[in-house]
Every structure is written in C-alpha cells, then in structure tokens.
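[1] just the structure for this:
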Amino acid sequence: MSKRNDQNRTGRQAALVIAGTAVIWVVAVLVGSQAGLSQRMLALFDMLALAGFVWALWLIFQIWRARQDNQG
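    Numbering: from 1, shown residues only. This next block holds a predicted model:
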C-alpha cells in the first residue's frame, strides 16, 4: 500500500507543479510586459516555465513506470 501512496503523492506533486508553473508564468509575462521588460527577460520566463513543465512531465513518467512495474 505504501507504493500506492507514493504514486498518489507524486501525482499531487505533478499537478501542483503544472498549476503553479502555469499561474506564475502567466503572471510573470503580464507583469513583465506591463513593466516594459525586454524580450530577453520575457524569454527567460518562458524558459523557466518550460523547465517546470518538463519536470512535471518527468514526474508523470515516473508514475507511469511505477504502475507498469506493479502490473507485471
């Protein structure tokens, strides 16, 4: 049952990473464009958001692999 709880915890973590990254990214781009930040700084926000989404994808992949191991 412990593996199942770990999968659930990792799933919640992935969901929070996706939601948090999306909210922070949108706010950063809106505030950055209003403040007149350069395109280079806005691209930095985009790259940081991409890193957050890739991390969430990695967490989801780990959940998938753990479930595949449990089935067989």
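
[2] low-confidence stretches in the chain?
    Counting by pLDDT under 70, the chain contains low-confidence residues at 1, 72.

[3] show me where it has helices.
    2-35, 39-71 (DSSP state H).

[4] how many neighbours does the closest residue to residue 32 other than its chain neighbours have?
    Nearest non-adjacent residue to residue 32, counting by C-beta to C-beta, 6 or more residues apart in numbering: residue 42, 5.3 Å away. All C-beta spots, glycine's among them, are computed from the backbone N, C-alpha and C. Applying other C-beta atoms under 10 Å, we find 14 other residues in the vicinity of residue 42.

[5] was I right to think residue 42 contacts residue 31?
    No: with contact defined as C-beta atoms under 8 Å, residue 42 does not count as touching residue 31 (10.4 Å).

[6] shared neighbours of those two, which are they?
    Shared contacts of residue 42 and residue 31, defined by C-beta atoms under 8 Å, 6 or more residues apart in numbering, are absent.
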